[in-house]
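> Sequence first, then the predicted structure, then my questions.
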Amino acid sequence: RQLPLMTGLFGTIASALTGTLRHRWMGWLVLCALWLAGCAQPTPSAPVEENSWNGRIALQIDGQASQSFSAMFELRGTAQAGGLVLLSPFGNRIAQLDWKDGHAQLVSGQDTRTSDSLDTLLQDVTGTRIPVTALFSWLKGTQASATGWQADLTGIADGRLTARRDDPQPTATLRIALTP
């Protein structure tokens, strides 16, 4: 009699064997499978940095020349020292921005630019001023003031952040969706 769930080579072998021999054969297969599973090592997970976020970012700038920008991102550090990597939907690096000690560097494609102002380089990437210091507070779930910006932190526990700038014009909406 053939076992209903067995197919292929094992099914052929199992149907050829009878009684006790079949049970021994199945026992050896189970024992080998358990032995192989016991040899598997779990992959160590990378330690999560306290000041590290990644997900999707979208920026919509309204006005006569409406602009929109969206990318995946990896952000680490603080407003004083850190880095931001922007990635395409396919995972290709669009730009990398690093800053420390009042010095900022933007690498985009073959171009590298440096500045004493993180805000200036970030504006070059996104097309508008982003309140960097407030952004780090918002990502931690803390309300922070930024001239002209209002942040909605009601979704931060679910990894969602929305901030809107009404002044100066044109208006801008920043949306962030964090990945766990």
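Arrived safely.
> contacts and neighbour counts: CA atoms only from here.
Noted.
> need the helix or strand of the chain with the lowest average pLDDT.
Every helix and strand of the chain was ranked by mean pLDDT, DSSP states H and E. The lowest is helix 19-39, at a mean of 46.
> Tell me the first helix or strand C-terminal of it.
Counting by DSSP states H and E, the next helix or strand C-terminal to helix 19-39 is strand 52-61.
> mind listing what A95 touches?
V85, L86, L87, L106, V107, S108, G109, V125 (CA atoms under 8 Å, 6 or more residues apart in numbering).
> Neighbours of the third one, how many?
Translated: L87. Close neighbours of L87, defined as other CA atoms under 10 Å, add up to 19.
> low-confidence ranges in the protein?
Low-confidence segments of the chain (pLDDT under 70): 1-49, 64.
> swap the cut-off to 80 and go again
For the chain, the stretches flagged by pLDDT under 80 are 1-50, 64-66, 124-125, 127.
> quick one, strands of it?
Using DSSP state E, the strands found in the chain span residues 52-61, 67-77, 82-87, 93-100, 103-108, 111-115, 149-152, 160-165, 172-178.
> Output these in CSV, with distance to G141 appended to each entry.
Compiled in CSV, these are given as follows (distance: least, CA to CA, whole Å):
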stretch, distance to G141
strand 52-61, 13
strand 67-77, 15
strand 82-87, 19
strand 93-100, 23
strand 103-108, 26
strand 111-115, 29
strand 149-152, 10
strand 160-165, 9
strand 172-178, 12
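> Can you say which of those is nearest to T142?
strand 149-152 (9.9 Å; CA to CA).
> okay, stretch 76-84 in PDB with CA atoms only?
What follows is stretch 76-84 as a C-alpha-only set of coordinates in PDB (Å, rounded to 0.1, in the frame of the first residue of the first chain):
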ATOM      1  CA  ARG A  76      20.900  57.600  11.800                       C
ATOM      2  CA  GLY A  77      22.400  59.800  14.500                       C
ATOM      3  CA  THR A  78      21.200  63.200  15.700                       C
ATOM      4  CA  ALA A  79      20.800  66.700  14.300                       C
ATOM      5  CA  GLN A  80      24.400  67.300  15.400                       C
ATOM      6  CA  ALA A  81      26.000  64.200  13.800                       C
ATOM      7  CA  GLY A  82      24.500  61.600  11.600                       C
ATOM      8  CA  GLY A  83      23.700  60.400   8.100                       C
ATOM      9  CA  LEU A  84      20.900  60.100   5.700                       C
END
